[in-house]
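[1] coords please:
(one chain, ligands or ions: 1)
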Amino acid sequence: LRALPQSGILVLVGLMGAGKTTIGRRVAARLGLPFIDADSEIEHAAGCSIPEIFARLGEPAFRDGERRVILRLLNGPPCVLATGGGAYMDARTREAIRSRSRSLWLRATLHVLTRRLSGRAGRPLLAQGDPATILADLQAKRHPFYAEADIIVNCGDDSVDLSAQRVLEALA
Ligand code: S3P
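    Numbering: from 1, shown residues only. Down below sits the predicted model:
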């Protein structure tokens, strides 16, 4: 694939609910690469869930762990790596992603994200108030950073299959 760098690592970025994990898993299977979810790796390393990490240690500690885990994975074998929505906001993480991998922004609309995430547990940032307002705020802050990704794929409300297909076409 022309669009994969020498490291063979594809990193998916984008807001929560965009489908980084589900689409990433499908894309990895089609490419014959392992799929790694950075959030799961962080939970494994910490021995507890992300909401527990936020509650016990706070967001800054979560971000430190997130950076460590992602930097380690970027030095590992080829894979498709889904990162948590905030990972790309960290300058050092972003630089490492940009130098060691191909980054791809899975872009969905606010409307779709809000619908998918409303009432869903497990995202501590959304538990702090009205999810729609929080997502709109995160979108405003984060889109300029996501826009720096190497490749942008607009998912809208498309199925996992169709979005995975779009990603593969963008890489071809
Ligand atoms: C976060 C997104 C989550 C997880 C954590 C913080 C964020 O990952 O890392 O709850 O800052 O947007 P997903 O994007 O996979 O939901």
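[2] Need the residue in this protein that's farthest from the chain's center.
    residue 56 (22.9 Å; Cα atoms, centre = their mean).
[3] correct me, but that residue touches residue 49?
    No: between residue 56 and residue 49 there is no contact under Cβ atoms under 8 Å: 10.2 Å. Where you see a C-beta, it was placed from the backbone N, CA and C, and this is true even at glycine.
[4] circling back: who's the closest spatial neighbour of the residue farthest from the centre of the chain, skipping the chain neighbours?
    Take residue 56 and drop its neighbours on the chain: the residue closest to it by Cβ to Cβ, 6 or more residues apart in numbering is residue 48, 7.4 Å away.
[5] Check the gap between the residue lying closest to residue 74 once chain neighbours are set aside and residue 8 for me.
    Nearest residue to residue 74 in three dimensions, chain neighbours excluded: residue 100, at 4.2 Å (Cβ to Cβ, 6+ apart). Taking Cβ to Cβ, to the nearest Å as the measure, residue 100 falls 10 Å from residue 8.
[6] More neighbours: those two, which one.
    residue 100 (19 against 15; other Cβ atoms under 10 Å).
[7] got the contact list for that one?
    Contact analysis of residue 100 by Cβ atoms under 8 Å, 6 or more residues apart in numbering lists 5, 7, 9, 74, 75.
[8] do residue 87 as well
    Counted by Cβ under 8 Å, 6+ apart, residue 87 has contacts 13, 38, 66, 67, 70, 93, 97.
[9] Swap in 7 Å and give it another go.
    Residues near residue 87 by Cβ atoms under 7 Å, 6 or more residues apart in numbering: 38, 66, 70, 93.
[10] Which one of these sits in the busiest neighbourhood?
    In these, the most neighbours by other Cβ under 10 Å go to residue 70, 28 neighbours.
[11] Now whichever strand or helix holds that residue: buried residues?
    Taking DSSP states H and E as the criterion, residue 70 maps to helix 59-74. Buried residues in helix 59-74, counted by 16 or more other Cβ atoms under 10 Å: 62, 63, 65, 66, 67, 69, 70, 73, 74.
[12] cool, stretch 13-24 as well?
    Under 16+ other Cβ under 10 Å, the buried positions of stretch 13-24 are 13, 14, 15, 16, 17, 18, 19, 20, 21, 23, 24.
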